[in-house]
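Novice: Quick one, structure for this:
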Amino acid sequence: MVNARIYFLGTGAAMPVTRFLPCIALKVDSDIYLLDPGEGCQVKMFKTGLSPVKVKAIFVTHAHGDHYLGLPGLIQTMTLSDRKEPLLIAGPKQFIDALLSIFNQGLVKPGFKVDLCLVSANYTYADNKISVKAFPVEHSLEAYGYHVTIGKKTICYTGDTTPSKSTVEACRGVDVLIHEATFTSIYEGEAHTQKHSTCRDAGLIAEEAGVGLLVLFHISARHEDMDAYYDAVRVFKKVVVARDGMVIYL
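Specialist: Numbers count the residues shown, from 1 in each chain. Prediction:
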C-alpha cells in the first residue's frame, strides 16, 4: 500500500498577487511528481519540506508562463544540489520548444540528464508508483490535462480549459478532480471568451463525470471572497476551493 498525498503548492492564476502560481506536487512514498511548476514552485517546496532532488517527473499542461516558469530555477537548484538521477519533463510542443531554447542558449545548464517527452492525446507514462495519461482540453493554445493513477486512487488535473467533454470522458469516476475555476459565475462570458472555466462550470463537469471530490483551482486574484466560489455546490455537493499549502491524503 502506497503513502500518497497531493500538495497544493500554488493555486492562483496569471499573477501571484494573493496566491502563488500553479504548482501541484504528488508525493508517492519518497518520490515526488510535479504538475505545472509555476513561478515560486521551489520556494513552496522548500517551505513544505519537499526536496527538489526527490522529483522524479514533471508534467506541464501548456506553454503559458504561469504554468512552467518556475522550472528553470528548479532545475538550477537540482544542479546545485548535485542531482545525479535523470529527470523526465513532459509537455506539449510549444512548451518543449521554449525549454529547449533556454537550454540551447545556456541560460540553464542541467548537471544531470533531462528526458524531454512530447505530450499528445495518446501520451502515457508509468513506473512502479504511478501512471499518467494525457487528455486534450480546450484552451487558447495546445493544452492537455492529466489522468493519474496511484495504487487504487485516481486523480484528474485539467490545467487551463473551458468546459470540455474530453474532461468528462477522461475523468469519469475519478476520486479527485482538480478543475480550473479561474472565475466566479458572474464572469461566465469573460471566462469562456478566454477559454477558461467558472466555478459553476467545474461543478457541472464534476457532476456529469461522477467524481468523488471536486477541487477548484487556478483562482483569479480578482476574487477575494471565496464564498462566491461555492456556487459550484448548487450543481455538485462535494467541493473544496484549493488554497496554497493545502494537502489531500489519498
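Novice: Phi, psi for Glu180 please.
Specialist: Per-residue torsions, Glu180: phi -60, psi 140 (degrees, to the nearest 10).
Novice: Spatially nearest residue to it (excluding sequence neighbours)?
Specialist: His218 (4.0 Å; CB to CB, 6 or more residues apart in numbering). For the C-beta atoms, the positions are set from N, CA and C on the backbone; glycine is no exception.
Novice: so how many other residues sit close to the one you found?
Specialist: 30 (other CB atoms under 10 Å).
Novice: Give me the pLDDT for Ser120.
Specialist: Ser120 is assigned 95 on the pLDDT scale.
Novice: Return the set of residues that bridge with the closest residue to it other than its chain neighbours.
Specialist: Nearest non-adjacent residue to Ser120, counting by CB to CB, 6+ apart: Ala134, 7.0 Å away. Beta-bridge partners of Ala134, counted by DSSP bridges, are Tyr146.
Novice: Quick check, Ala134 in contact with Leu118.
Specialist: No - applying CB atoms under 8 Å, one finds Ala134 not in contact with Leu118, separated by 10.4 Å.
Novice: Among those two, which residue is more densely surrounded?
Specialist: Ala134 (23 against 12).
Novice: Show me the shaky parts of this protein.
Specialist: For the chain, the stretches with pLDDT under 70 are 223-228.
Novice: where do the helices sit along it?
Specialist: 41-48, 71-80, 93-104, 165-170, 188-193, 199-209 (DSSP state H).
Novice: Comparing these, which comes out most buried?
Specialist: Stretch with highest mean neighbour count among those: helix 199-209 (a mean of 24; mean count of other CB atoms under 10 Å).
Novice: ok, for the residue most central in space within the chain, nearest residue in space, not its chain neighbours?
Specialist: The C-alpha lying nearest the average C-alpha coordinate of the chain belongs to Leu35 (CA atoms, centre = their mean; 3.9 Å). Counting by CB to CB, 6+ apart, Leu35 lies nearest to Ile24, which is 4.2 Å off, once chain neighbours are set aside.
Novice: For the one you found, name its beta-bridge partners.
Specialist: Phe8, Leu35.
Novice: Could you pull up the residues touching it?
Specialist: Ile6, Tyr7, Phe8, Leu9, Leu34, Leu35, Asp36, Tyr157, Ile178 (CB atoms under 8 Å, 6 or more residues apart in numbering).
Novice: From Lys153, how far out is the last one?
Specialist: Plainly put, Ile178 is 13 Å away from Lys153 if you go by CB to CB, to the nearest Å.
Novice: ok, now the third one?
Specialist: Between Phe8 and Lys153 the distance, using CB to CB, works out to 16 Å.
Novice: Neighbour count for those two, which is higher?
Specialist: Set Phe8 next to Lys153 and count neighbours by other CB under 10 Å: Phe8 wins out with 24 against 15.
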